[in-house]
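K.L.:
Show me the folded form of this:
(one chain, ligands or ions: 2)
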Amino acid sequence: MAIVSSGSSAPRGRPSRDELPARLVDPAPVLEELPAAASGLPREDSLRPKRLADYIGQSELKQVLAIAVEATRARQEALDHVLLYGPPGLGKTTMALVLAEELGVRCRITSAPALERPRDIVGLLVNLQPHELLFIDEIHRLNRVAEEILYPAMEDYRLDLTVGKGTTARTRSLDLPPFTLVGATTRAGSLSSPLRDRFGLIQRLEFYGLDELQQIVERAAGLLQIKLEGGAALEVARRCRGTPRIANRLLRRVRDVASVRGHGRIGAPLVAEALSLHRVDDRGLDASDRRLLTLMLEGYGGGPVGLDTLAAGLGEDSATLEAVVEPYLLQLGFLQRTPRGRLVTPAGRNHLGWPAKAAA
Ligand SMILES: Nc1ncnc2c1ncn2[C@@H]1O[C@H](COP(=O)(O)OP(=O)(O)OP(=O)(O)O)[C@@H](O)[C@H]1O
Ligand SMILES: [Mg+2]
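P.N.:
Ligands and ions are numbered 1, 2, ... in the order given. The predicted model follows:
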């Protein structure tokens, strides 16, 4: 399977490394983790599972897609269009590449922000071979024109082109080979409903459980020739916020510390030590998370307190706080959103070593 990326000079729509918050536990990819063709550095690609059997977790997703792949292969058709949605770093791009591998076809990779002009998407579509996959990342960011080109392409494998301008404008139709569009998005809610309705398979990716993360860490350690022992894999798994991308990143940082300290084998204490050096604690909270919770506890008795007040107190902007810091704290149940503002839960207080709040 070859991976073809389009629009390498076009904007990728991803923040550059400089724009990313400097957090080890950020679920967004840093430059070295972007797909090889986009970054020129194939580092994250080396850890991607290639086949469904190697893709750990997401059992429901795998079951649905395995059946679809088998049926499609038997009928010698193109796979139905697939929409994968869920938080960053959970394996959407990886799954698109796995699907192509299972189907024995090529996957062309692009991202919605690279499809600014109509000819960008038209160029990709007319160059598809029968049954190939076209992967569009961040598909919620497609512009209207590109979306409207996709509608007949997805539904009837047809391209409707307008030739000429004004009164002499005519529409010409062009047949496309049967193909599969795989769309990925972290924000399914931002997708227009006509586009969403054209996907035959719509699947959500879930955060991974500890067991699965442990397996992911063990597999990655094997590929990176890192020797983990004792509960080391579990220690990494506990800190990675349910996200394989973060697990792999933490593992690399642990490897750095181990190699500098001259440890050949890595045990649980070394993981804890290495990651506390990066100020990631045993539940995956980093300094930003703790600053937020501490401000709430010290300044506002644990809340409720408004997001804007907290943002001002931390010198952050409230949108960043809401999008980047809050979600994991909410997921852990350390933070609660109430109509009157944010509240630290008893579990959150306990994690920071604060006594339970006395009943009012
Ligand atoms: N099920 C899995 N098993 C093993 N490793 C995985 C799995 N899912 C993801 N990974 C690892 O996590 C990394 C990130 O996955 P991927 O790039 O597919 O995430 P994504 O959902 O596309 O993220 P984004 O929304 O930022 O594009 C991959 O390089 C891969 O190494
Ligand atoms: Mg991706």
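K.L.:
What residues does the protein have near ligand 2?
P.N.:
With the criterion set to CB under 5 Å from the ion, the chain comes near ligand 2 through 92-93. The C-beta positions use only the backbone N, C-alpha and C, and glycine is treated the same way.
K.L.:
at 8 Å what do you get?
P.N.:
Residues of the chain lying near ligand 2 by CB under 8 Å from the ion: 29, 35, 88-89, 92-94, 137, 184.
K.L.:
Make a PyMOL selection of whichever of those residues turn out to be buried.
P.N.:
In PyMOL syntax, the buried subset of the residues of the chain next to ligand 2 is picked out as below (16 or more other CB atoms under 10 Å):
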select buried, resi 29+35+89+92+93+94+137+184
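K.L.:
Rank the residues of the chain next to ligand 2 by pLDDT and give me only the lowest.
P.N.:
Least confident by pLDDT among the residues of the chain next to ligand 2: that is residue 35, with 56.
K.L.:
Save the residues of the chain next to ligand 2 as CSV, and put in secondary structure too.
P.N.:
Shown next, in CSV, are these (DSSP: H, G, I helix; E, B strand; the rest coil):
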residue, secondary structure
29, coil
35, coil
88, coil
89, coil
92, helix
93, helix
94, helix
137, strand
184, strand
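K.L.:
quick one: which of the residues of the chain next to ligand 2 is nearest ligand 2?
P.N.:
Using CB to the ion, residue 93 is the member of the residues of the chain next to ligand 2 that lies nearest ligand 2, at 3.2 Å.
K.L.:
right, and the closest one touches residue 135 too?
P.N.:
Yes - between residue 93 and residue 135 there is a contact at 7.2 Å, judged by CB atoms under 8 Å.
K.L.:
Which stretches in the stretch 201-350 of the chain count as helices?
P.N.:
210-223, 232-238, 244-261, 268-277, 287-300, 307-314, 318-320, 326-332, 346-351 (DSSP state H, counting those that start in this stretch).
K.L.:
For residue 153, find the nearest of those.
P.N.:
helix 244-261 (30.8 Å; CB to CB).
K.L.:
follow-up on the earlier one: which of the residues of the chain next to ligand 2 are close to ligand 1?
P.N.:
Restricting the residues of the chain next to ligand 2 to those touching ligand 1 (CB under 6 Å from any ligand atom) yields 29, 88-89, 92-94, 137, 184.
K.L.:
Can you add distance to residue 192 and give the residues you listed back as JSON lines?
P.N.:
Below are these laid out as JSON lines (distance: CB to CB, whole Å):
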{"residue": "29", "distance to residue 192": "26"}
{"residue": "88", "distance to residue 192": "21"}
{"residue": "89", "distance to residue 192": "25"}
{"residue": "92", "distance to residue 192": "19"}
{"residue": "93", "distance to residue 192": "22"}
{"residue": "94", "distance to residue 192": "26"}
{"residue": "137", "distance to residue 192": "17"}
{"residue": "184", "distance to residue 192": "16"}
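K.L.:
mind checking which of the helices of the stretch 201-350 of the chain is nearest ligand 1?
P.N.:
Proximity to ligand 1 (CB to the nearest ligand atom) singles out helix 244-261 among those, at 3.5 Å.
K.L.:
residue ranges with poor pLDDT in the stretch 101-250 of the chain?
P.N.:
Nowhere does the stretch 101-250 of the chain drop to pLDDT under 70.
K.L.:
which bits of it sit near ligand 1?
P.N.:
Residues of the stretch 101-250 of the chain found near ligand 1 (CB under 6 Å from any ligand atom) are 137, 184, 186, 216, 244-245, 248.
K.L.:
can we see that at 8 Å?
P.N.:
Contact residues (CB under 8 Å from any ligand atom) of the stretch 101-250 of the chain with ligand 1: 137-138, 184, 186, 205, 208, 212, 215-216, 219-220, 243-245, 247-248.
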